[in-house]
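**Student:** sequence first, then the predicted structure, then my questions.
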Amino acid sequence: MKHYPIQSKVDRTIVYGNEEFLYFSGTSYLAMANLPAFEEQIILGLNKYGASHGSSRGSNLQLQVYEDFERFFSHQAGASRGLLFSSGFLAGTAAVKVIEASSDILLVAPDAHPAIVLPEHTASPSMSFDTWSHDCLSVARANEGKHITFLSNAVDPLKLDIHDFKWINSLPDHNTYTLLIDDSHAFGLIGKGIFGTYEKWSRLPVDLIVCGSLGKALGIPGGIVMGNENFITRLEQETMFRSASPPSPAFYEAFLNSQSLYEKQQLTLKANIALFKQLTVDLDYLKSCDQYPVFAFEDDKLVEKLEKENIIISSFPYPEVTDPCINRIILSAYHQEKDIHRLASCLKDIG
């Protein structure tokens, strides 16, 4: 696995070793950080609030922008309430801490992000999501009067699987259930608008909690947890929330004032996905899933061939450093049509 240390902002192209490469990697799916109009909104926020706000969310002086963001985001997502954290990892860890205290059984999906996994409740990464869901049903049927919690990502961004939780409708009603979904790779891409999968799964017979990083498609540092009023009230009382500094307020002011920009970037990304699928329809070795900007393949030699064409993609071993590389082409809203045509042409010529 080759590393590419650079000294500039990641964009549709990067400069490495005095050469320019097309870049098809990373998690900036909507390319908000590369949008001048969004940068202007951030600068306005910096001028209004400063670079950071180090006071905890439990102090007697609060910046209204945090609560405004929580109310807006959770309402758009379809949740009763939301809480903002300084990172997606902290948001997931705090949510699991509260959930564990009231759960008799925790069942962890094989691709669950480490933020929502406790050391004593890990799952085999080689297990499929379908096998795990069947195991969950078996555990639920074998127990009675228990509070069972399921922990999972909304999407596996490496194996390219958008998870379906309809199996939860088959759970027996002699237990109570909580479902925690990590939407880090769903925000901006899957579900309602840019607001993730909460609404999609809100009618399942469970207490639904959704958490995730806001720093990927949405391009703002921080994380959020959304759920019902009772759960968020409990979470709000946790030291992990009350004693932690919030993220920079400038980004949240920018987010609230940039909804039309997000909509435009999402449309651009969808158009890029459609174009690439159209151009590579005959390339059977590419694996993808509906409306997701990631395309995987197994041939490591193809990674080297693309590099010789000055194209860099995502390629690294997973889950262990000794495992085979997972090779992925990742599209972003900053890619231009000519970039996608060039990538597709190279894949046809060398694949």
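**Tutor:** Cool, got the structure. Numbers count the residues shown, from 1 in each chain.
**Student:** number of residues surrounding N228?
**Tutor:** The criterion is other C-beta atoms under 10 Å. On that basis, N228 has 14 neighbouring residues. C-beta: built from backbone N, CA, C; applies to glycine.
**Student:** ugh, wrong one, A186
**Tutor:** Using other C-beta under 10 Å, A186 has 27 other residues around it.
**Student:** so how far is Q266 from the closest residue to it other than its chain neighbours?
**Tutor:** Take A186 and drop its neighbours on the chain: the residue closest to it by C-beta to C-beta, 6 or more residues apart in numbering is A154, 4.0 Å away. Taking C-beta to C-beta, to the nearest Å as the measure, A154 and Q266 are separated by 16 Å.
**Student:** ok, now which ones touch R141?
**Tutor:** Neighbouring residues of R141 by C-beta atoms under 8 Å, 6 or more residues apart in numbering: P172.
**Student:** for the helix or strand harbouring it, buried residues please.
**Tutor:** Secondary structure assigned from DSSP states H and E places R141 in helix 129-142. For helix 129-142, burial by neighbour count (16 or more other C-beta atoms under 10 Å) applies to 129, 132-133, 136, 139-140.
**Student:** and if you look at stretch 170-187?
**Tutor:** Residues of stretch 170-187 classed as buried under the neighbour-count rule (16+ other C-beta under 10 Å) are 171, 175-187.
**Student:** repeat that for stretch 289-301.
**Tutor:** Residues of stretch 289-301 classed as buried under the neighbour-count rule (16+ other C-beta under 10 Å) are 292-297.
**Student:** mind checking the end-to-end distance for it?
**Tutor:** The stretch stretch 289-301 measures 23 Å between its terminal residues, going by C-alpha to C-alpha, to the nearest Å.
**Student:** what mean pLDDT does it have?
**Tutor:** Throughout stretch 289-301, pLDDT has a mean value of 94.
**Student:** for stretch 304-319, what is the distance to the chain centroid?
**Tutor:** Taking C-alpha atoms, centre = their mean, to the nearest Å, one finds stretch 304-319 lying 22 Å from the centre of the chain it belongs to.
**Student:** sorry, that was for stretch 92-110
**Tutor:** Stretch 92-110 has its average C-alpha position 19 Å from the chain's average C-alpha position, going by C-alpha atoms, centre = their mean.
**Student:** now do the buried residues in that stretch.
**Tutor:** If you call a residue buried by 16+ other C-beta under 10 Å, then stretch 92-110 has these buried ones: 92-96, 98-99, 103, 105-110.
**Student:** got it, and stretch 194-210?
**Tutor:** Residues of stretch 194-210 classed as buried under the neighbour-count rule (16+ other C-beta under 10 Å) are 194-202, 204, 206-210.
**Student:** list the contacts of the residue nearest to A186.
**Tutor:** Counting by C-beta under 8 Å, 6+ apart, A154 makes contact with 162-163, 181-183, 185-186, 190-191, 196-197, 210, 212.
**Student:** closest to A115 among the residues you listed?
**Tutor:** The closest of the contacts of A154 to A115 turns out to be D182 (C-beta to C-beta; 6.7 Å).
**Student:** list the contacts of the closest one.
**Tutor:** For D182, the residues meeting the contact criterion (C-beta under 8 Å, 6+ apart) are 88, 92, 112-113, 115-116, 152-154, 210-212.
**Student:** dump the residues you listed to JSON lines, plus distance to G222.
**Tutor:** What follows is the contacts of D182, written out as JSON lines (distance: C-beta to C-beta, whole Å):
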{"residue": "G88", "distance to G222": "7"}
{"residue": "G92", "distance to G222": "12"}
{"residue": "A112", "distance to G222": "21"}
{"residue": "H113", "distance to G222": "16"}
{"residue": "A115", "distance to G222": "13"}
{"residue": "I116", "distance to G222": "17"}
{"residue": "S152", "distance to G222": "22"}
{"residue": "N153", "distance to G222": "18"}
{"residue": "A154", "distance to G222": "18"}
{"residue": "V210", "distance to G222": "15"}
{"residue": "C211", "distance to G222": "12"}
{"residue": "G212", "distance to G222": "10"}
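**Student:** could I have the buried ones of those as PyMOL selection syntax?
**Tutor:** With 16+ other C-beta under 10 Å as the criterion, this PyMOL line picks the buried residues out of the contacts of D182:
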select buried, resi 88+92+112+113+115+116+152+153+154+210+211+212
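**Student:** greatest separation within the contacts of D182: which pair is it?
**Tutor:** For these, the maximum inter-member distance is 15.1 Å, found between G88 and S152 (C-beta to C-beta).
**Student:** got any ranges where this protein has weak pLDDT?
**Tutor:** Within the chain, the set of residues satisfying pLDDT under 70 comprises 1-2, 319, 351.
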